[in-house]
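[1] Just to be clear, the model below is a prediction. Sequence and coordinates:
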Amino acid sequence: MKNVIVTGANGFVGSHLVRALDEKHVHVFAVVKDENENIDTIQTLENVEIVYCDLFSLDTLKEKIRVEDQIDAFYHLAWAGTSGDARANYELQLKNAKAACDAVRLAKAMGIGKFIFAGSIMEYECEQYIPKDLSRPGLGNIYSTGKVAAHYMAKTLAYNIGLDFEAMIISNIYGPGEVSARLINTTLSRMLRGEKTRFTEGVQLYDFIYITDAVNAMILIGEKGQAYKNYYIGNREQKPLKQFIIQMRDCIDPSLELGFGEIPFNGPMLTYKEFNTQALYDEFDFEPKVSFQEGIQKTIKWLRERE
């Protein structure tokens, strides 16, 4: 790849992806919302061009990007309302789905080689749980179903206008720079403060992948991915969540109390057979370089320095 567009370029995953592409001397049009956004981690990179464009005004992006060579890939990572109460905002989540479709049309109009959609493992969770009789989905599923709608509509649109489309199934990416209220970030922060943590029984299967491994996988998808295929970004084998949490605790203080079973669990139990966890490994010889323990230690170090 020589030229790519990345929306959501200043987010946790986006900024790491931009930096990894820059190291490979790929020219990146890094799309961020506006001048008020924090771009400290990407603005000085040699091969990066900052482009200001609101997610819901992507039709103006074509006028803001001038390039003589072919743009090889459009990574669509931008999404408004990924955490907190915004996940339950159905109007916002529907706007996200429309923005994904707008981005597909834009990529086609700009003659871009392929469109890469940032999907989520939560799509599979809500598809498994919500249709069941007597299911009681929480409001956070509005975000998940928004992802499903965006994924399916964007893929359908891409195929029918002749644009290669690939989806990245993002599981649980973690590492330095993560500030949202996700499991690893919040749990490690509480453990570092010596606070008691509360969990479900922790028997559900889970998977985590360190940020640098995740973005390396994303680049391989951009370089070699097959059109209309989903690529799971994670490990080939999963473990019960409880094992990960104990390992996190032991990296900080083995004496910390863990409140397993103090939170009821009434959600989906994925088997990880719902998608192909092998594709990255079989097609690209991908192998994660950072073990969970090493990644957690790096994240702890960053959190301590930040505090």
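    On my side now, so go ahead. Numbers count the residues shown, from 1 in each chain.
[2] Could you give the number of residues near Thr41?
    Residues near Thr41, counting by other C-beta atoms under 10 Å, number 16. (Each C-beta comes from the backbone N, C-alpha and C, glycine too.)
[3] Find the nearest non-adjacent residue to it, please.
    Once flanking residues are discounted, Thr41 sits nearest to Ser15: 4.7 Å by C-beta to C-beta, 6 or more residues apart in numbering.
[4] repeat for Ile296
    Per C-beta to C-beta, 6+ apart, closest to Ile296 is Cys251, 5.1 Å.
[5] Okay, strands next: where are they in the stretch 101-250 of the chain?
    Ranges of strands in the stretch 101-250 of the chain, per DSSP state E, counting those that start in this stretch, are 114-120, 164-170, 173-174, 197-198, 205-206, 209-210, 230-233, 239-240.
[6] Tabulate the ones you listed in TSV, adding columns for mean pLDDT.
    Output for the strands of the stretch 101-250 of the chain, formatted as TSV (pLDDT from 0 to 100):
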stretch	mean pLDDT
strand 114-120	97
strand 164-170	97
strand 173-174	96
strand 197-198	95
strand 205-206	95
strand 209-210	98
strand 230-233	97
strand 239-240	96
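[7] For the stretch 101-250 of the chain, just list every one of the helices.
    Along the stretch 101-250 of the chain, counting by DSSP state H, counting those that start in this stretch, helices occupy 121-129, 141-161, 183-192, 211-224, 241-252.
[8] and the closest residue in space to Ile233 that isn't next to it in sequence, what pLDDT?
    Of all residues not flanking Ile233 in the chain, Ala217 sits nearest, at 4.8 Å (C-beta to C-beta, 6+ apart). pLDDT, Ala217: 98.
[9] right, and Ala217 touches Asn235 too?
    No: using C-beta atoms under 8 Å, Ala217 makes no contact with Asn235, being 10.7 Å away.
[10] Need the overlap of contacts for these two.
    Shared contacts of Ala217 and Asn235, defined by C-beta atoms under 8 Å, 6 or more residues apart in numbering, are found at Ile209.
[11] And the two? Which one has more around it.
    More crowded of Ala217 and Asn235, by other C-beta under 10 Å: Ala217, with 23 against 19.
[12] Can you name the residues that contact that one?
    Applying C-beta under 8 Å, 6+ apart, the residues near Ala217 are Met168, Ile209, Tyr231, Ile233, Leu280, Phe284, Phe286.
[13] next one: Gly225
    Counting by C-beta under 8 Å, 6+ apart, Gly225 touches Lys114, Ile116, Glu166, Tyr231, Glu283.
[14] 6 Å - rerun?
    Going by C-beta atoms under 6 Å, 6 or more residues apart in numbering, Gly225 touches Glu166.
[15] Show the pLDDT at it.
    As predicted, Gly225 sits at a pLDDT of 97.
[16] now the one 10 residues further on
    As summarised for this prediction, Asn235 has a pLDDT of 94.
[17] if I look at the spatially closest residue to Tyr90 that is not a sequence neighbour, how far off is Ala86?
    In space, and not counting its chain neighbours, Tyr90 is closest to Ile142: 5.1 Å by C-beta to C-beta, 6+ apart. Between Ile142 and Ala86 the computed distance is 10 Å (C-beta to C-beta, to the nearest Å).
[18] Which one of those two is surrounded by more residues?
    Per other C-beta under 10 Å, whichever of Ile142 and Ala86 has more neighbours is Ile142, with 21 against 13.
[19] so the more buried one makes contact with Ala88?
    Yes: with contact defined as C-beta atoms under 6 Å, Ile142 counts as touching Ala88 (5.2 Å).
[20] Name the helix or strand for the residue nearest to Thr41, please.
    Under the criterion of DSSP states H and E, Ser15 resides in helix 12-23.
[21] for that helix, packing partners?
    On a contact count with 3 or more C-beta pairs under 6 Å, 6 or more residues apart in numbering; DSSP states H and E, helix 12-23 meets strand 27-32, helix 211-224.
[22] Kindly compare burial across these and name the winner.
    Comparing those by mean neighbour count (mean count of other C-beta atoms under 10 Å), strand 27-32 ranks first with a mean of 25.
[23] Pairing partners for that strand, with directions?
    With DSSP bridges as the test, strand 27-32 is paired with strand 3-7 (parallel), strand 48-52 (parallel).
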